[in-house]
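Trainee: here is a sequence with its predicted model. Questions after.
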Amino acid sequence: MRGLKIIVLAKQVPDTHNVGKDAMKADGTVNRAALPAIFNPEDLNALEQALKLKEKYEGTTITILTMGPPRAAEIIREAMYRGADNGYLITDRKFAGSDTLATSYALSLAVKKLKPFDIVICGRQAIDGDTAQVGPQVGEKVNIPQITYAEEILSFENEELIVKRRLERGIEIVAGKLPLLITVNSSAPACRNRNAKLLMKYKHAKTVSELQETTEDYIQLTKDRPYLKIEEWSVADLNAKDEWLGLSGSPTKVKKIENVVFKTKESKILSTSDNEIESLMKELIENHTIG
Amino acid sequence: MNNIFVFCEIEDNNIVADVSLELLTKGKTLANELNCKLEAVVLGNNLNGIEKQIFPYGVDVLHVADEPRLFPYLTLPFASIITSLFEQEKPQIVIFGASTIGRDLAPRIASYMRCGLTADCTSLVVGNHTENRTGKEYKNLLYQIRPAFGGNILATIINPETRPQIATVREGVMKKEIFALDYKGIIKNIDVTKYIKDEDFLVRIIERHIEPKKVNIKNANIIVSGGYGVGSKENFKLLYELAEILGAEVGGSRAAVDAGYIEHERQIGQTGVTVRPKLYIACGISGQIQHRAGMFESSLIISINSDKNAPINNIADYAIIGDINEVIPKIIKYYKQNSK
């Protein structure tokens, strides 16, 4: 059995599941600065599937690919601490305002540049958008088949991956010829913790922009230890068409943003006393809500 | 030309999925408003007679692709057939259910056609738009309204330039209504072999275990729903007991589903089912915005929560401040004592 070349698509996202009181500004817009940036949870599930393949099939390599602002290099390091071999950050001001179509276009160019590969794997969706669109759209643009809602990659045999999918009301076991795009559900096993040895090895891994900010002699450093270099690609490196990027490359436009407001009711507060609960029950029975 | 298309999803036993029928109802409303026709597309195997389930929703044209390899669903053959159909028919609006199938298929089609797609819309309305920068005016666009940013904001999305405008909508969000029982549309059969190729079958299904739909939470009159505050799967038994007595269904919040207290099928909220029962009893549910969005239209809401400041209490008609393990047995006791 040969090793596999795996590309993991990962995204750094604001932690929308833990939105605190100061996360919303008075005008109803989101205060991104108040939210911690995290590794998109389902992308971690995807990384774990890749790491399992790496353990099983010798010679397998894992490349992390992320698109975002310079600080998104943090999640590439996080992936390296867990067993990824190298990483690419695609970053450029021209990406700002990209919807899922423009994002998947940029990612697909990077994926093509990393050819040959066997598997492109990512989380089903990112928690800041919950669209689940970027995975399948990258698959379409790279022109490879997709297996979405994966819960577990069971095996690799005869150039096929056997994958268990978790659907709304059951499971499906499918076989897909490589190369494939796979999106992974949150029902898949959680990602392993950082490995102490890998943490020591990669804690100085940096992008060129990050290295330029340090006082160290970075040219010498990455010459001695080339694995510490996180590649950075811009629009020019990807040969991307400007008009397909950012706002101009995004067919969806945000017309309006509103704060979600529910009409608050004048609730009647009740205690657990027998009296109050009994009278509530009587009332509901009398007005035919129950019974 | 430029009609509204709804993708009709087929379940086992050739039943059209409820979510698709809900979207047909929405599609009919939009078609009437835009003065165009409502068309539907259905792919599967042995679909003879399938139109009987679809035409009553006011469908004018039904496109049918009937072929053994089209059930169960596979991404690539479906994408090939549907994109070819859309390139030919040029719909202005296409709606998919935000099911595992719709969310697998719609992005593939939108990417190929390079057009906008908005996932999990909670409302679809027609409206105009003036581009601030250019002053250009757009008439009769589809406003695709969806929660964003973990449900904390509501965004109105438009696709001014690209067609079709594609949206997905979750089950239960729209209401299903028969348009006319004897509505007659026409059937157009798709020549499947013309559109699919061998490479569309690089992924094949080896095993499939799909359970029939057990719960019908969407249509329940009374729902007893539990959150993370219920504390354990064991404690949920109390909710089932109450539901049994009241003739209710049991639901749960995303937190309860994530914690493994209750199955996903029963999840209520933005990423689950939207419900509008006569009575909603929220037990140990704090009421994250995502959850409230899926149940705030309930006629009467009772919250049982030990935290007086839980957000759910702001939209509850009655907020019982206390532990569910104390409150539910009392509800059961006094319900039994007072009902005939």
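Mentor: The structure has been received and is ready for your questions.
Trainee: show me the helices in the stretch 151-300 of chain B, by range?
Mentor: Ranges of helices in the stretch 151-300 of chain B, per DSSP state H, counting those that start in this stretch, are B:192-195, B:233-246, B:254-258, B:289-293.
Trainee: and the first one, is it in reach of chain A?
Mentor: In other words, helix B:192-195. No. For a cut-off given as Cβ under 8 Å from any Cβ of the partner chain, helix B:192-195 has no contacts with chain A; the smallest distance is 16.0 Å. Yep, even glycine has a C-beta here, placed from its N, CA and C like the rest.
Trainee: pull out the buried residues from that helix.
Mentor: For helix B:192-195, a neighbour-count test (16 or more other Cβ atoms under 10 Å in any protein chain shown) marks B:192, B:195 as buried.
Trainee: contacts made by it with the rest, please.
Mentor: Defining contact as Cβ atoms under 8 Å, 6 or more residues apart in numbering or on different chains, one finds that helix B:192-195 is touched by B:65-67, B:70, B:80-81, B:84.
Trainee: please apply the same query to the second one.
Mentor: Residues lying outside helix B:233-246 but in contact with it, judged by Cβ under 8 Å, 6+ apart, are A:290, B:222, B:224-226, B:230, B:248-250, B:252, B:256, B:260-262, B:279, B:281, B:283, B:324-325, B:328-329, B:331-332, B:335-336.
Trainee: C-alpha coordinates for it, CSV please?
Mentor: Extracted C-alpha coordinates of helix B:233-246, given in CSV (Å, rounded to 0.1, in the frame of the first residue of the first chain):
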residue,chain,number,x,y,z
LYS,B,233,-29.8,11.2,28.8
GLU,B,234,-31.2,9.5,31.8
ASN,B,235,-33.0,12.7,32.9
PHE,B,236,-34.5,13.0,29.5
LYS,B,237,-36.8,10.1,30.4
LEU,B,238,-38.7,12.5,32.6
LEU,B,239,-39.4,14.6,29.5
TYR,B,240,-40.6,11.5,27.6
GLU,B,241,-42.9,10.6,30.5
LEU,B,242,-44.4,14.1,30.4
ALA,B,243,-44.7,14.0,26.6
GLU,B,244,-46.5,10.6,26.8
ILE,B,245,-49.1,12.0,29.2
LEU,B,246,-49.7,15.2,27.2
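Trainee: ok so, going back, just the buried members of the contacts of helix B:233-246?
Mentor: Buried by 16+ other Cβ under 10 Å: A:290, B:222, B:224-226, B:230, B:248-250, B:252, B:256, B:261-262, B:279, B:281, B:283, B:324, B:328, B:331-332, B:335, out of the contacts of helix B:233-246.
Trainee: in strands only, show me the residues you listed.
Mentor: Taking DSSP state E, the ones among the buried ones among the contacts of helix B:233-246 that sit in strands are B:222, B:224-226, B:249-250, B:252, B:279, B:281, B:283.
Trainee: quick check, nearest of the residues you listed to A:Ala33?
Mentor: Distance to A:Ala33, by Cβ to Cβ, is smallest for B:Gly252 among these, at 33.4 Å.
Trainee: my guess is that closest one contacts B:Ile268, does it?
Mentor: Yes. When contacts are counted by Cβ atoms under 8 Å, B:Gly252 is listed as touching B:Ile268 (6.8 Å).
Trainee: shared neighbours, those two?
Mentor: By Cβ under 8 Å, 6+ apart, the residues touching both B:Gly252 and B:Ile268 are B:Ser225.
Trainee: residue contacts, the nearest residue to A:Ala37 once chain neighbours are set aside?
Mentor: Leaving aside its chain neighbours, A:Ala37 sits nearest to A:Gln12 (5.1 Å; criterion: Cβ to Cβ, 6 or more residues apart in numbering or on different chains). Contacts for A:Gln12 (Cβ under 8 Å, 6+ apart) come out as A:37-40, A:66, A:68, A:71-72, A:74-75.
Trainee: how much space separates A:Gln12 from chain B?
Mentor: Applying Cβ to the nearest Cβ, to the nearest Å, the value for A:Gln12 to chain B is 15 Å.
Trainee: how many residues are close by B:Asp258?
Mentor: By the criterion of other Cβ atoms under 10 Å in any protein chain shown, B:Asp258 has 15 neighbours.
Trainee: try A:Thr183
Mentor: Count around A:Thr183 with other Cβ under 10 Å applied: 29.
Trainee: so it sits in a strand?
Mentor: Yes. Counting by DSSP: H, G, I helix; E, B strand; the rest coil, A:Thr183 is located in a strand.
Trainee: before we move on, back to that, of the contacts of A:Gln12, closest to A:Leu228?
Mentor: A:Glu74 (14.9 Å).
Trainee: I figured that closest one hits A:Ile38, correct?
Mentor: No. A:Glu74 lies out of contact with A:Ile38 (Cβ under 8 Å); the separation is 9.4 Å.
Trainee: what are the buried residues along stretch B:47-56?
Mentor: In stretch B:47-56, counting by 16+ other Cβ under 10 Å, buried: B:47, B:50-51, B:53-56.
Trainee: B:Phe7: what secondary structure?
Mentor: Under three-state DSSP, the three-state class of B:Phe7 is strand.
Trainee: residue contacts, it?
Mentor: B:Phe7 sits in contact with B:20, B:40-41, B:82, B:94-97, B:102, B:105-106, where contact means Cβ under 8 Å, 6+ apart.
Trainee: per-residue pLDDT of it, please?
Mentor: pLDDT, B:Phe7: 98.
Trainee: over to A:Asp118?
Mentor: Per-residue pLDDT puts A:Asp118 at 98.
Trainee: pretty sure it is touching A:Leu178, no?
Mentor: Yes. With contact defined as Cβ under 8 Å, A:Asp118 reaches A:Leu178; the gap is 4.7 Å.
Trainee: contacting residues for the residue nearest to A:Ile64 when sequence neighbours are not counted?
Mentor: Once flanking residues are discounted, A:Ile64 sits nearest to A:Gly87: 4.0 Å by Cβ to Cβ, 6+ apart. By Cβ under 8 Å, 6+ apart, A:Gly87 lies in contact with A:63-66, A:73, A:76-77, A:79-80, A:205, A:230-231.
Trainee: ok, so of these, who is nearest B:Val61?
Mentor: Here the nearest of these to B:Val61, counting by Cβ to Cβ, is A:Leu65; it sits at 42.9 Å.
Trainee: still on that earlier bit, quick one: buried ones out of the contacts of helix B:192-195?
Mentor: Buried among the contacts of helix B:192-195 by 16+ other Cβ under 10 Å: B:65-67, B:70, B:80-81.
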